[in-house]
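Participant: Okay, here's the prediction I keep looking at, along with the sequence it came from:
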Amino acid sequence: MERLHDPSLIDQPVLVGGHGRRGVVATASYEARRFGCHSAQPMSQALRLCPQAIVVPSRFDRYGPVSRDFHRMLDETSPAVESVGIDEAYVDLTGLEGSADPAAARRAAEGIRTRVRDELGIAVSICIAGSRTTAKVGSDAAKPDGLLDVPPGDDARFLAPRPVRELPLVGPNFGAALAALSVHTVGQAAALDRDWLEQRFGRAGIVLHDRAHGVDPTAVRPGGRPARSISREVTFSNDVTEIDTLHHTLRRHAERVGADLRRANRRARTVTLKLRWSDFTTLTRSRTLDRPVQATSALTAAGNELLAELFRSQGQRPVRLLGLGAANLVDDVTQLGFDELRPEEATTRRQEDLDRTLDSIRKRFGDRSVNRGP
C-alpha cells in the first residue's frame, strides 16, 4: 500500500515499521525478504541484513480505507467471506451460480484479482482449494502476484513437499519440536503415526496429522470469528520513567481499544495492563469491572488504576513496554435512555457519544486528525 502513495518505492527493498532502536518490522517487501528480512523482526536486525533498505513508518490511517474497499469487493463476489486480517480473507465460492463447473471458481478468482488491481492498484495472490489450510499455504506460495488451483483431492500431494512451518498451526516452538524429530516437511509429518503424535503433542498432534493429510473441515464463517480480546501495546524507543508519559500512552491505547470495541459492537468486562521493565521482566494485572465498558474514559481510568497498583506493589522502575487490553467481551446491548440513567450513567453515555463522534471524524480524516485535550 505504501507504493501506491510513493511509486519510487516500487522494486526497492522496503521495510515498514518502527525505525527506532527498538523498532519492529511490520512487513517487508519481497526485495527485502531476499536478504532475510521478515515481519516481527527487530528493525535493527533487518537493517544489518539489508542496510540499503528504505524504512517507512506504519500509517494505518492510510491502510484502513484501502482494506475496507478490498473486503467490500470480496463481499460483492460471495455472501460467505471471512476476514482474517487487513489484507487477507477466506472466500467460499461453492454457492456461486455455475459453481458445479470447475472453471467457475477460477473465473471468480481472476475477476477478484483483476478488479483489485484495476481499482486499488494492488496485486492479490489467491489459491483455490478445498480446505482452508491448503488455501492459506497455497496463497502464500502464489505471492507476490499469482493464482494457484489445487484440484479437489490433491491437497496432501500439494502440501507434502512444503516446509512443515508453512502450516498455519505450526508456530516457532512447535516447529522446533518437530525439527528435533527430523520432521521438516509436511509429508514427513503426514508419515508419523496419529496415535503417537497425540501422545507426544496432545490435541495439536491430532490436528497436525489431519492437516498434513490435507484434511481441514473448518468452514468459512461469514463475518469472521468474534475476537476474544482486544489490545494495544508499544515498546518505547527509550525506557520511560515519567508517569505523565505512561498515562498519555495508556489513554492512546484506550482510544484505540475503545474504537475497536465500538466498531465490533462489543463491551469489555475485564481490563488488563501489560508492563515490561527495562530488564525484560514482564508483568500483567487485570481487573473485572462491575459493568462492561467501551468508553475511552473508562478504559483509561481502569488502566491508570492498575498501573498505580502495580507501582505500589512493585515499586516504580524504568518501563520498556506498556500495553492495555480488553477481555471477557460481551455484546453491546445497552439501550437505556437518558431519563432512565443515574447521573454517573448519564456521564458515561455522554462519554460514549463523544467517543463515537471522534471515531467518525478519524474515520473520515485520519487517525491523527483530532486529539483529546489533557
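Facilitator: Alright, I've got the coordinates.
Participant: contacts and neighbour counts: CA atoms only from here.
Facilitator: Will do.
Participant: ranges for the helices of the stretch 201-350 of the chain?
Facilitator: Using DSSP state H, counting those that start in this stretch, the helices assigned to the stretch 201-350 of the chain run over residues 203-212, 243-263, 296-314, 343-365.
Participant: which one of the ones you listed has the lowest average pLDDT?
Facilitator: With a mean of 66, helix 343-365 has the lowest mean pLDDT of the helices of the stretch 201-350 of the chain.
Participant: Check the gap between residue 8 and residue 145 for me.
Facilitator: To residue 145, residue 8 is 19 Å away according to C-alpha to C-alpha, to the nearest Å.
Participant: Which residue of those two possesses the greater neighbour count?
Facilitator: A direct count of neighbours by other C-alpha atoms under 10 Å for residue 8 and residue 145 places residue 145 higher, at 14 against 10.
Participant: Output the below-cut-off pLDDT ranges for the protein.
Facilitator: Within the chain, the segments meeting pLDDT under 70 span 20-21, 95-102, 224-227, 333-349, 361-374.
Participant: Tell me how it divides into domains.
Facilitator: 2-58, 60-225, 229-365 (automatic domain parsing).
Participant: Strands of the chain, residue ranges please.
Facilitator: 14-17, 25-28, 54-56, 81-85, 88-91, 126-128, 147-149, 229-240, 266-277, 282-293, 319-331 (DSSP state E).
Participant: Show me where the stretch 1-150 of the chain has its helices.
Facilitator: Going by DSSP H, counting those that start in this stretch, the stretch 1-150 of the chain shows helices at 2-5, 30-33, 43-49, 60-77, 102-120, 132-142.
Participant: Let me have these in CSV, adding mean neighbour count as columns.
Facilitator: As requested, those are arranged in CSV below (neighbours: other C-alpha atoms under 10 Å):
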stretch, mean neighbour count
helix 2-5, 13
helix 30-33, 19
helix 43-49, 18
helix 60-77, 16
helix 102-120, 16
helix 132-142, 21
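Participant: thinking again about what came up before, tell me which of the strands of the chain sits nearest to residue 42.
Facilitator: Closest to residue 42 of these, according to C-alpha to C-alpha: strand 25-28, at 6.2 Å.
Participant: buried stuff in the closest one?
Facilitator: 25, 26, 27, 28 (16 or more other C-alpha atoms under 10 Å).
Participant: That strand: how far from the chain's middle?
Facilitator: Averaging C-alpha coordinates over strand 25-28 and over its chain gives two centres that are 13 Å apart (C-alpha atoms, centre = their mean, to the nearest Å).
Participant: Can you name every helix or strand that it contacts?
Facilitator: Judged by 3 or more C-alpha pairs under 8 Å, 6 or more residues apart in numbering; DSSP states H and E, the packing partners of strand 25-28 are strand 14-17.
Participant: can we see that at 10 Å?
Facilitator: strand 14-17, helix 43-49, strand 54-56 (3 or more C-alpha pairs under 10 Å, 6 or more residues apart in numbering; DSSP states H and E).
Participant: quick revisit: any chance of the strands of the chain in JSON lines, plus distance to residue 39?
Facilitator: Listed next are the strands of the chain as JSON lines, based on distance: least, C-alpha to C-alpha, whole Å:
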{"stretch": "strand 14-17", "distance to residue 39": "9"}
{"stretch": "strand 25-28", "distance to residue 39": "5"}
{"stretch": "strand 54-56", "distance to residue 39": "13"}
{"stretch": "strand 81-85", "distance to residue 39": "14"}
{"stretch": "strand 88-91", "distance to residue 39": "15"}
{"stretch": "strand 126-128", "distance to residue 39": "20"}
{"stretch": "strand 147-149", "distance to residue 39": "23"}
{"stretch": "strand 229-240", "distance to residue 39": "16"}
{"stretch": "strand 266-277", "distance to residue 39": "22"}
{"stretch": "strand 282-293", "distance to residue 39": "22"}
{"stretch": "strand 319-331", "distance to residue 39": "19"}
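Participant: which stretch among those comes nearest residue 110?
Facilitator: strand 147-149 (8.0 Å).
Participant: re the thing from before, closest to residue 223 out of the strands of the chain?
Facilitator: From the strands of the chain, taking C-alpha to C-alpha, the stretch that ends up closest is strand 81-85, at 5.3 Å.
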